[in-house]
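Next one to model:
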Amino acid sequence: MLAVLQFDSASVSLLERMLAQGRLPTLAGLIERGQRYEMEGPGTHFAAGAFHTLYSGLDIADHGVFYPFQWSAPDQRARYMSALDPPAPIWERLAEVGQTTLAIDPYESRPPTAEVAGATLVCGWQLVDRVVLRAWSRPHGLRRELGRLYGRPRHAEEIFGRPYLRELLALRRTLVAGPGRVADAGLHLLSERPYDLAWLTFTAAHIAGHQFWDQSQLDPDKLDDRTRRVLESALGDVYEAVDQAMGRVVAALPEDTDLIVCSAVGMDVNTSRADLLPEMLDAVLRGGPREDADRAAGAIWRLRAAVPASARGRVARALPDAATLDLTARLELRGMDWSATRAFAHPADNQGYVRANVRGRERDGIVAEADLDGLYDEIAEGLATFVDADGAPAVAGVDRTRDVFGDGARLDSLPDFVVRWADRPATQLPYVESPDFGRVMRFGAASGRAGNHTEGDAWAIVLPGASSHRAPERPARVVDIAATAASLGGLDTEGMAGEPLLEPA
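A predicted model of the protein is given here:
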């Protein structure tokens, strides 16, 4: 049996600090016994794409999934990712060849289109978020049965915008309880039958990193000392809960279990200026800012700033999931005049994404492929002129996706250019400005996230049980984890990008 425990989007700096303080005894013991790898992955350019890379074992240029709402060139609009045929995760592929698999709360996953014999899958168990942790299970009634035994999960959708204190405190309680719920369900299901692969994702750590990295998004005048202490300790409390829950699972696993503990992407202070990119790009391509108030660029961020998150949350909860996801996708780029749009800022909340409106690729494309080099130079040079309010550069660089990732079966699903932001906190940033293209104001609190994903910081701890270590022939990569599961499960790894980290003894 192979067990993969995903300490989702863990901050390496916080882990090291807590390990030194003796607050993560389970993780410390696993590090002492196992082989620790720093791993290469797509997180520097596509943070969310790291999850599908981890689950599928495909490089991002081959699976093409990098954000919950992605561009559909034939439709000339963004769509929710499930409409774009994401790659099958490793637990589905193994189940299809006769292996028994278990997966709980894989982040940004989608349900299989049909029952998969041998696969036990539960999502939306620690909490329910209709975008990244949708409520589903296979078999269909399993999640409901687990809810009867251990209590139903709470809804805790992340709504972009300024967070409310009462909602943050409620979210803290949900997240601290979440890892124990994974252990409860996992141990219950593992006691019912043996599995060849068990993949448990402790997603609470991911969401806690976004919301509780610091209190920079809150009004300090509304925080009393007691509440501040509770919020300041929230992220560490969740990490301790993950460590305790992992300890319960590890203690119950058979002695010959092969074990991998991993994180596909890191977490630190939020440096994103992605909400400002639509108007920055518009100003660069026009040669200056628009004067009219009804500009399309960045319209969804102005809407988010104008309507409180609580009100948007009530509207979303009143609609069916499919309707909410489709409405959000349609709002992302509403009002664009495609006949005059050479490039646009793709939906994003971390790195900045730019897609060219290419003739023959996009339904309403106007840019010839021969002009892409010149367009890239224009955009990269223009964005480089923007500085933060303190005069420091806002942009660290603009990379061409093809140059970084090469060719791939789904390269055209990715943005053409990725904007890397300056590595400084941006949660309190009021505007950016350029001597050539003017000032771009921030509307509201942007995403409202205090923390966001780092460049890299993927890692794994590998502990062989029935198997033996197998060192990769190059630096370890995120794709190696799915390759390990495939190899141990007897699945043909042809077409997978990774190398196994374990081999039969």
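
Find the nearest non-adjacent residue to residue 131, please.
Distances taken as Cβ to Cβ, 6 or more residues apart in numbering place residue 68 nearest to residue 131, at 5.2 Å, with adjacent residues excluded. Bear in mind the C-beta positions are built from the backbone N, C-alpha and C, glycine included.

wait, doesn't residue 69 sit right on residue 80?
Yes - using Cβ atoms under 8 Å, residue 69 is in contact with residue 80, at 6.0 Å.

Give me the common contacts of those two.
Common contacts of residue 69 and residue 80 (Cβ atoms under 8 Å, 6 or more residues apart in numbering): 328-329.

So for the residue nearest to residue 131, what's the pLDDT?
Looking at residue 68, its pLDDT reads 94.

Could you measure from it over to residue 121?
19 Å (Cβ to Cβ, to the nearest Å).

what about the residue nearest to residue 131, neighbour count?
Residues near residue 68, counting by other Cβ atoms under 10 Å, number 18.

how about it, what does it touch?
48, 80-81, 108, 131-132.

Nearest to residue 409 among those residues?
Residue 409 lies nearest to residue 81 out of these, by Cβ to Cβ, at 16.6 Å.

which secondary element of the protein has the worst mean pLDDT?
The helix or strand of the chain with the lowest confidence, counting by mean pLDDT, DSSP states H and E, is helix 309-318 at a mean of 75.

C-terminal to that one, what's the next element?
Note on helix 309-318: by DSSP states H and E, the next helix or strand toward the C-terminus is helix 321-332.

That next one - contacts with which helices or strands?
Applying 3 or more Cβ pairs under 8 Å, 6 or more residues apart in numbering; DSSP states H and E, one finds that helix 321-332 contacts strand 69-72, strand 77-80, helix 299-306.

Single out the most deeply packed of those.
Per-stretch averages of neighbours, counted by mean count of other Cβ atoms under 10 Å, single out strand 69-72 among these, with a mean of 22.

Tell me which strands that strand pairs with, and in which orientation.
Sheet pairing for strand 69-72, assigned by DSSP bridges, gives strand 77-80 (antiparallel).

List of residues touching the strand it pairs with?
Under Cβ under 8 Å, 6+ apart, the answer for strand 77-80 is 68-72, 325-326, 328-330, 332-333, 346-347.

now do stretch 209-224
By Cβ under 8 Å, 6+ apart, the residues outside stretch 209-224 that reach it are 9-11, 158, 162-163, 165, 168, 171-172, 228, 231-232, 234-235, 238, 267-270, 425, 427-428, 445, 448-452.

Just to be sure, which of those residues are found in helices?
When DSSP state H is applied, those are split such that 165, 168, 171-172, 228, 231-232, 234-235, 238 fall in helices.

Mind giving me the PyMOL command for buried ones among the residues you listed?
Buried members of those, defined by 16 or more other Cβ atoms under 10 Å, are picked up in PyMOL with:
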select buried, resi 168+171+172+231+234+235+238
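
Throw the ones in helices among the contacts of stretch 209-224 into CSV and include distance to residue 358 and pLDDT, thanks.
Shown next, in CSV, are those (distance: Cβ to Cβ, whole Å; pLDDT from 0 to 100):
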residue, distance to residue 358, pLDDT
165, 46, 91
168, 42, 94
171, 41, 96
172, 45, 97
228, 50, 94
231, 46, 96
232, 48, 96
234, 45, 98
235, 42, 98
238, 43, 98
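
nearest to residue 249, of the ones in helices among the contacts of stretch 209-224?
residue 238 (16.5 Å).

Give me the spatial nearest neighbour of that closest one, chain neighbours excluded.
Using Cβ to Cβ, 6+ apart and skipping residues adjacent in sequence, the residue nearest residue 238 is residue 208, 4.1 Å away.

Is that neighbour part of a helix or strand, or is it coil?
At residue 208 the chain is in helix, as set by DSSP: H, G, I helix; E, B strand; the rest coil.

Was I right to think it contacts residue 235?
Yes - between residue 208 and residue 235 there is a contact under Cβ under 8 Å: 5.1 Å.

ok, the contacts of strand 77-80 vs residue 397, which is closest?
Each of these was scored against residue 397 by Cβ to Cβ, and residue 346 proved nearest at 17.3 Å.

quick one, what contacts the closest residue to that closest one other than its chain neighbours?
If the residues on either side of it in the chain are set aside, residue 346 comes closest to residue 353, at 3.8 Å by Cβ to Cβ, 6+ apart. Residue 353 makes contact with 66-67, 274, 277, 345-347, 415, 417-419, according to Cβ under 8 Å, 6+ apart.

in the stretch 351-500 of the chain, which spans are helices?
372-383, 401-405, 479-488 (DSSP state H, counting those that start in this stretch).

would JSON lines of those with mean pLDDT, distance to residue 154 and mean neighbour count be doable?
As requested, the helices of the stretch 351-500 of the chain are exported to JSON lines (pLDDT from 0 to 100; distance: least, Cβ to Cβ, whole Å; neighbours: other Cβ atoms under 10 Å):
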{"stretch": "helix 372-383", "mean pLDDT": "98", "distance to residue 154": "40", "mean neighbour count": "17"}
{"stretch": "helix 401-405", "mean pLDDT": "96", "distance to residue 154": "38", "mean neighbour count": "17"}
{"stretch": "helix 479-488", "mean pLDDT": "97", "distance to residue 154": "30", "mean neighbour count": "26"}
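
Out of those helices, flag the one nearest residue 314.
helix 372-383 (36.6 Å).

Could I get the CA-only coordinates of that closest one as PDB?
Extracted C-alpha coordinates of helix 372-383, given in PDB (Å, rounded to 0.1, in the frame of the first residue of the first chain):
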ATOM      1  CA  LEU A 372       3.400  37.800 -31.100                       C
ATOM      2  CA  ASP A 373       7.100  38.700 -30.600                       C
ATOM      3  CA  GLY A 374       6.500  42.400 -31.100                       C
ATOM      4  CA  LEU A 375       3.400  42.200 -28.800                       C
ATOM      5  CA  TYR A 376       5.300  40.500 -26.100                       C
ATOM      6  CA  ASP A 377       8.100  43.200 -26.200                       C
ATOM      7  CA  GLU A 378       5.500  45.900 -26.100                       C
ATOM      8  CA  ILE A 379       3.700  44.400 -23.100                       C
ATOM      9  CA  ALA A 380       6.900  43.400 -21.200                       C
ATOM     10  CA  GLU A 381       8.500  46.800 -21.700                       C
ATOM     11  CA  GLY A 382       5.400  48.700 -20.800                       C
ATOM     12  CA  LEU A 383       4.600  46.800 -17.600                       C
END
